[in-house]
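A.B. asks: missing the sequence, but the structure's below:
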């Protein structure tokens, strides 16, 4: 039996990725523990348990002992992303205002033909088609009702038609979930609420999502699409979180599960299960949150957060310590309206399959991925297609006996044989030439993506620090960081489990929205009147979740636009709240500054008139922040960590050369080393090239700088 009066208490955070499931454990003794295991689709909970167990083992604990001493479990999951991307959600029906039955099929007109497609496919717009909606046309039922733009009822809800429509969808079409998206429901939600009551009576057990609950905003296509995504994936998310809670309980955990949302906040699992759309890209969002936390710790407010795992490369930008939010969030090719931290991605990860186009004879990296199973060839799990991970092995960055602390012995012979057969020979190159070429292609793809979200938006990468996360990124980051001329590259101690690290850096957060149009010269009293009821709801919600009032933070934001424009800019309220007249003036000035930052200097035009269209409140329950242990820095000599030498690729000279190999666990804060070199950590690998200097800082991060 554990002595709970003396035992260390732990906070455990686990993030499920496409290839690996990552865990980070913070103890009340200030020590960080890291775990990593392969993801286990379709039953991802097994991978969660395996990942936690790998963290527990070096602690001298069993899985059950660790969970019994855990006071909070935080989780990030791809369950909703997977359901949409694989079309594996619930069979869903849609109830919509009569006359608008084709909303999902019309999308935004021609724009819907190429929304969400790659640049390569957009080059041929005539060949594009809209994505098939998640709801088939015969599962869409028009309901007689009408509310006008002021929220007044013009035509009462036809309840008989509602009941008949629900019975038809459930009994004849076999739907398991129903989305409800009525016109102007965000101004008059009573019709949708009544539909849910009818559904509970005539079709108990059917999962129902109301657009007025999940997306109370204008825009019938986006609102309908959001409700459908939530209904389509909600039942799966609910079952997954419920099963995970049960499984954790069976292993000794009796606390609450907090779930990461795409906007960077945490929700209790019970609420997150009903807001499935909020789980979309929650892992990448957590990664950016983790990057901001580390940037604040190191005194860096401008950070490019780059995360490369097994399936994708993702990047987000933090400017002056502020997060960027997506203007038009999408999952697959479907728009939705929910706040989401902006993270852009390409299909380039360690598991990205390398192929040769038979028509052009050009090599390609991704976007198809081998995932965790069968995975790269060298994993020895049945993979037969060469991947970027296999390339990293061939150019000397990976050691067959050092991968994941030796838990998997890599099969270099098979990787070399199949790479020669499927890539090098078709390209008429040696294995070295082909592998180096693939490395350069992957690095160029990453550099282009980072330039797209920095240079093309008026940001200079030379003003930023690059944070390298994920199990694969450390092998490329020093090279593409130099190409971008960033100030320095930081590979954190928690690099390959950064999304899990971000989970413990986040707060409980609830989002509230009111749609109402006010002129730009509205008074402070008018604005305060809108926010007051939202604040009351927020305090009540957080109090019910056990958050003390002195741990509540309320952030106001207002969507503003110039008159006659369609799109608005969400502008945080930087003045003290409730607002006074000076605070309103500051809000308008902040809007115009933000507008010019997004659309170019001189684009603001106050003379056109300004409108406020939506009022947003983010209510945060501030979570205790873990304290990262800080160590004294010692001598620069890293020789005690030197494992030997081997043949590796040096990007500076462009050829294979002899590089020094270091063991991360033997490096000490203050140690300095120079490229060409490789650092093996228990969970990732770091490659340095000629002219690169790496130093371990007081938090055991590796900081890379470049010769002038």
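C.D. replies: Sure thing, it's come through. The structure displayed is predicted, hence computed values, not measured ones.

A.B. asks: Which of the three states applies to residue 598?
C.D. replies: helix (DSSP: H, G, I helix; E, B strand; the rest coil).

A.B. asks: Next one: the closest residue in space to it that isn't next to it in sequence from residue 108, what distance?
C.D. replies: Residue nearest to residue 598 in three dimensions, not counting chain neighbours: residue 569, with 6.6 Å by C-beta to C-beta, 6 or more residues apart in numbering. Every residue, glycine included, has its C-beta placed from N, CA and C. Distance of residue 569 to residue 108, computed by C-beta to C-beta, to the nearest Å: 19 Å.

A.B. asks: ditto for residue 414
C.D. replies: From residue 414 to residue 108 the distance is 48 Å (C-beta to C-beta).

A.B. asks: same thing with residue 187?
C.D. replies: Relative to residue 108, and taking C-beta to C-beta, residue 187 is found at 22 Å.

A.B. asks: Comparing the two, which residue is more hemmed in?
C.D. replies: Remark: of residue 187 and residue 108, residue 187 carries more neighbours, 17 against 14, as counted by other C-beta atoms under 10 Å.

A.B. asks: show me the residues around the more buried one that make contact.
C.D. replies: 147, 149-151, 515 (C-beta atoms under 8 Å, 6 or more residues apart in numbering).

A.B. asks: Residue 608 contacts residue 560, correct?
C.D. replies: No: here residue 608 lies out of contact with residue 560, judged by C-beta atoms under 8 Å, at a distance of 11.8 Å.

A.B. asks: out of those two, which sits in the more crowded spot?
C.D. replies: A count of neighbours by other C-beta under 10 Å puts residue 560 above the other of residue 608 and residue 560, at 24 against 12.

A.B. asks: Give the helix, strand or coil label for the closest residue in space to residue 493 that isn't next to it in sequence.
C.D. replies: Leaving aside its sequence neighbours, residue 493 sits nearest to residue 700 (C-beta to C-beta, 6+ apart; 4.2 Å). Put simply, residue 700 is coil when judged by three-state DSSP.

A.B. asks: wait, residue 700 sits on residue 671?
C.D. replies: No: with contact defined as C-beta under 8 Å, residue 700 does not count as touching residue 671 (10.2 Å).

A.B. asks: quick one, phi/psi of residue 557?
C.D. replies: Main-chain torsions, residue 557, degrees, to the nearest 10: phi -150, psi 150.

A.B. asks: what's the burial count for residue 572?
C.D. replies: Other residues close to residue 572 by other C-beta under 10 Å number 16.

A.B. asks: Tell me the bridge partners for the residue nearest to residue 598.
C.D. replies: Following DSSP bridges, residue 569 is listed with bridge partners residue 560.

A.B. asks: and the gap between it and residue 599?
C.D. replies: 9 Å.

A.B. asks: what do you get for residue 173?
C.D. replies: Distance from residue 173 to residue 599, by C-beta to C-beta: 45 Å.

A.B. asks: Tell me the one among the contacts of residue 187 nearest to residue 234.
C.D. replies: residue 515 (23.2 Å; C-beta to C-beta).
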